[in-house]
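Q: Pasting the sequence and the predicted coordinates here, then a few questions.
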Amino acid sequence: MSSSLVLRNGTLLVGFDAYARVRDFYFPYIGVENHVGSDDVHNIGVRVDGQFSWLGEHDWRVETNCEWESFSGNTEAQNDHLRVRLEFKDVVYNEKNIFLRQVTLHNLAAEERSFKIFFNQQFELYESHRGDTAYFDPRDHVVIHYKGRRAFLINAIAGNKEPFDDYSTGDLHIKGREGTYKDAEDGVLEKNSIAHGKVDSVIGLSLTCKAGERAVVYYWVAVGKSIQETKDLNNYVLAKSPPHLLKTTQDFWHAWVNRYEFVFHGLDDSLVELFKKSLFFIRAHADNHGAIVASSDSDMLQYGLDTYGYMWPRDGALSAMALDQAGDFNVAKRFFEFCNSVIADQGYFMHKYRPDGSLGSSWHPWVREGKAVLPIQEDETALVIYALWRHYELSKDLEFIESLYNSLIKKAADFLELYRDKHTGLPKASYDLWEEQFGVFTFTSSAVYAALLAAANFANLLGKFDEKDRYAKAADEVKAGILRHLYNADGGGFYKKIEITQEGKIISDTTIDMSSIYGIFAFGVLDANDERVKTNIRLVEERLLCKTEVGGVPRHEGDRYYSVNDNAPSNPWFITTLWLAQYYLATAKQESDLEIAKHWLAWVGRYALSSGILSEQVNPYTGEQLSASPLTWSHSEFVLTIVKYLETLDRLGICVTCNPLHAPKNRV
C-alpha cells in the first residue's frame, strides 16, 4: 500500500498508509534508515462496548488529506458499527524531531460510553530487527525504543493532560507471536515493561464521552540519537503544549507556501490546491544535507529489489527547478552543493546517490559486449548544470556560482564537451532517462545541448571567454548532430535513439517516446512551433496516447513497466502527460489555446489522491495509482507546468503579474 501522506522537517520524515497508520519513519536522513520494517505498521485500535477494531479492518471508512495551505495531515476515520469517528491532525514539528498527532474521538451514539484507544509502535531500528529494546520508563511515564545511536520516545495524554494509563512491550513476528499489539484486543494490556530483539509496544488511553460529544488525545514520538535527547524533547512538548506545537507548525508552512502571491488566472481551485500540496511533497523529500529523494515509498520493497529512496541527479535537478520557481532558493542551493560534493573527478554523475552522499545501488553494468563503458545516464549530468543556470537566472547569486564554477560547472561541462562521438558530434552512448536501454538518445542529446549552452553562459558571466567559446561550439555541434542523425525525415518524428556500430553504421530506433520530442522543444533544440515538432506531437497523439477512458500519455510505445497484465496498454504517467500540456502552453497564441493544456492539468488532478499525492503512473483501465507514491518528479513537473501556464498568461498579456518571479523588471 503506497503512501497516502508524508510529513517531514528535513531530518525526520513520516509516511502514512491509507488508514492513517505510520508506514515509514526516516531518520536522520530523508531516504536513509527507515525505522519501520517492510512488513510492519503502527496500528491504531479502538475498544468500546466490549468490541474492538483496528484501523485498516473492513468496517472503517478512512479519508486522508493534506491540510489546505498547511503541511499537516487531516484524516477522518469512521466506524459505523462501533458508532465512533476519529479525526487526526498530524504534523512533524518544523523545529525539532517530534512527530505529533491530535486525535479527536467522536461518540456517535445516543448514550454516554467508555472508550479505550490504543497506539501500537513497530520500530525496526537501523533497518535491522536484531538487538532492539523497548521498555516502559516509570520515571517519565514514557515508552522508549532504542538501539545504538537511535532512540524513539512515545508519550500520549488526554485533553485534560491525563497520561496514558496502560502499556506493554513484547515480541513482534518472532517465537510464533504476532505482536504485543494483539494484547490490546481484550482492552487490558499485560504491562510487560521491557522486551528485547524484534519488538513492538502498545500504549492505551481510557476516555469517557457523553452522547454526541468528543474527547481529544495528543500522541507524540520524540526522535533522537540518545535516550536523553528524546527525554529533553518530551519535556519540550509538555512545556510548550501539543496544541501550541501543532499550531506553530501549521503557521510556518502556511507562510512558506504563500511567500509569493501567485495569480492563478483561469485555474480551478482544485489545481491551485494541488500546486501548493505538490510544493509540500517536493519539500518533504528534500533532506537538510542537500539530497532531494525520488520517493519515500518503502512499499516498493515488496514488489522489487529496492526502493526509490535515493537522489537521482536528474529527478533532483528538476525538483530544485520547481522549488526555485516557487521562490525557495535555499533548498535548491543545498542540492547543488550536494551535487558539487559527489560529482566524479572526471566530471559526471553516477546513476544515483544515498542522501548521506555515498553511492547508491545500481543495475547499470560497467561492461557491455566485452568492453568497458561508463554506467551513467548522461542526461543526469547535463540537467544539473541546466538547472543551476535556471537557479542563477532567478536568484542572481553570482558568488554562489563563482564558488561552484571550477569544481562543478567546468568539470561537468568539460566532460560533456569531450564525451562525444567525433563523427556525429553527439554524446557517446549512455543509459536513457528511463533506465532501460543503452545508446545515443534524443532526450539525452537535447539535455547535453542545453547544459553546454548553460556552461557557456556561466563562462561568459565570469569572463572566461575561451571556455565560453568552446562550450558554445560544442553545443552547436550537438544540435547539428541531433537534427542530422536523430531526426527521422521519412517518418516525421525524432528517433528514440541511435546506436553506432563498430563499423560506424548507424542503427535507428523509431519507437515513439514522449521524452524525445519533449527534449527537443523543452531544451531549445527547436522552437515548439517548428513543423518538425508539430509533426512529432501528432505522432504522439496518434500512436502513444492511452486510448482507454482513463487517457493520459505513456512513456513510450511498448512500455511494460508495472503493466497491469500482458495485454494491457502501456500505463500513462503523470510526468509525460504534463509534458504534453507544456507543449500546448509553449504554442499557445491566444487564451482559448490554453484549454487543451488545462485539460491535461485537470487530468492530473482527477487521478491525484485526496491528499494531493501523485504517484509515478496510473492503471490505464481504472486510473488507480501505481508504482512509487509519492513520486517527487511527478509533483515537480506539475509545479513546473503550472508555472509555465502562468508565464504563458504573461506572454499573451492576459495576466502580467501572475508569477511574481517573472514579473516585468519595471514592476514591483
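A: That came through fine. For clarity, every value in this text was computed on a predicted model and none was experimentally measured.
Q: can we go C-alpha only for contacts and neighbour counts from here?
A: Will do.
Q: Tell me the secondary structure at residue 282.
A: Look at residue 282: counting by DSSP: H, G, I helix; E, B strand; the rest coil, its state is helix.
Q: Please list all residues in contact with the residue lying closest to residue 428 once chain neighbours are set aside.
A: Nearest residue to residue 428 in three dimensions, chain neighbours excluded: residue 420, at 4.8 Å (Cα to Cα, 6 or more residues apart in numbering). Taking Cα atoms under 8 Å, 6 or more residues apart in numbering as the criterion, residue 420 is in contact with 426, 427, 428.
Q: so the second one makes contact with residue 440?
A: Yes: taking contacts as Cα atoms under 8 Å, residue 427 lies within contact range of residue 440: 6.7 Å.
Q: which of the residues in stretch 156-166 are buried?
A: Applying a neighbour-count criterion of 16 or more other Cα atoms under 10 Å, the buried positions in stretch 156-166 are 156, 157, 158, 159, 163, 164, 166.
Q: Can you give me the first-to-last residue distance of that stretch?
A: Start-to-end span of stretch 156-166 (Cα to Cα, to the nearest Å) is 11 Å.
Q: who touches that stretch?
A: Stretch 156-166 has contacts (Cα under 8 Å, 6+ apart) with 141, 155, 188-189, 191, 203-207, 215-220.
Q: Give me the buried subset of the residues you listed.
A: With burial judged by 16+ other Cα under 10 Å, the buried subset of the contacts of stretch 156-166 is 155, 189, 191, 203-207, 215-220.
Q: Helices along the stretch 251-400 of the chain, start to end?
A: 269-284, 313-325, 329-342, 378-395, 398-404 (DSSP state H, counting those that start in this stretch).
Q: Kindly format the C-alpha coordinates of the first one as PDB.
A: The C-alpha coordinates for helix 269-284 follow below in PDB (Å, rounded to 0.1, in the frame of the first residue of the first chain):
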ATOM      1  CA  ASP A 269      -9.300  25.900  -7.100                       C
ATOM      2  CA  SER A 270      -8.500  22.200  -7.000                       C
ATOM      3  CA  LEU A 271      -5.500  22.700  -9.300                       C
ATOM      4  CA  VAL A 272      -4.300  25.600  -7.200                       C
ATOM      5  CA  GLU A 273      -4.600  23.400  -4.100                       C
ATOM      6  CA  LEU A 274      -2.700  20.600  -5.900                       C
ATOM      7  CA  PHE A 275       0.000  23.100  -6.800                       C
ATOM      8  CA  LYS A 276       0.600  24.100  -3.200                       C
ATOM      9  CA  LYS A 277       0.400  20.500  -2.000                       C
ATOM     10  CA  SER A 278       2.900  19.500  -4.600                       C
ATOM     11  CA  LEU A 279       5.300  22.100  -3.200                       C
ATOM     12  CA  PHE A 280       4.900  20.500   0.200                       C
ATOM     13  CA  PHE A 281       5.600  17.000  -1.100                       C
ATOM     14  CA  ILE A 282       8.700  18.100  -3.000                       C
ATOM     15  CA  ARG A 283       9.900  19.800   0.100                       C
ATOM     16  CA  ALA A 284       9.100  16.700   2.100                       C
END
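Q: if I look at residue 89, how far off is residue 220?
A: As judged by Cα to Cα, residue 89 and residue 220 stand 12 Å apart.
Q: got it, and residue 417?
A: 53 Å.
Q: End to end on stretch 481-493, go ahead and measure it.
A: Distance between the two ends of stretch 481-493: 15 Å, counting by Cα to Cα.
Q: Could I get the buried residue list for that stretch?
A: Neighbour-count burial for stretch 481-493, with 16+ other Cα under 10 Å as criterion, is recorded at 481, 482, 483, 485, 486, 487, 488, 492, 493.
Q: Could you pull out the helices in the stretch 451-600 of the chain for me?
A: Taking DSSP H, counting those that start in this stretch as the test, the helices found in the stretch 451-600 of the chain are 465-485, 514-522, 531-539, 574-586, 595-607.
Q: Could you report the pLDDT at the nearest residue to residue 278 once chain neighbours are set aside?
A: Counting by Cα to Cα, 6+ apart, the nearest residue to residue 278 once its immediate chain neighbours are dropped is residue 635, at 5.0 Å. The per-residue pLDDT reported for residue 635 equals 98.
Q: Tell me the secondary structure at residue 635.
A: Going by three-state DSSP, the state assigned to residue 635 is helix.
Q: so how far is residue 62 from it?
A: As defined by Cα to Cα, residue 635 lies at a distance of 24 Å from residue 62.
Q: Show me which of the two is the more surrounded one.
A: Shown here are residue 635 and residue 62; by other Cα atoms under 10 Å, residue 635 has more neighbours (30 against 18).
Q: what about the closest residue to residue 345 other than its chain neighbours, neighbour count?
A: Leaving aside its sequence neighbours, residue 345 sits nearest to residue 411 (Cα to Cα, 6+ apart; 7.6 Å). Residue 411: 19 surrounding residues under other Cα under 10 Å.
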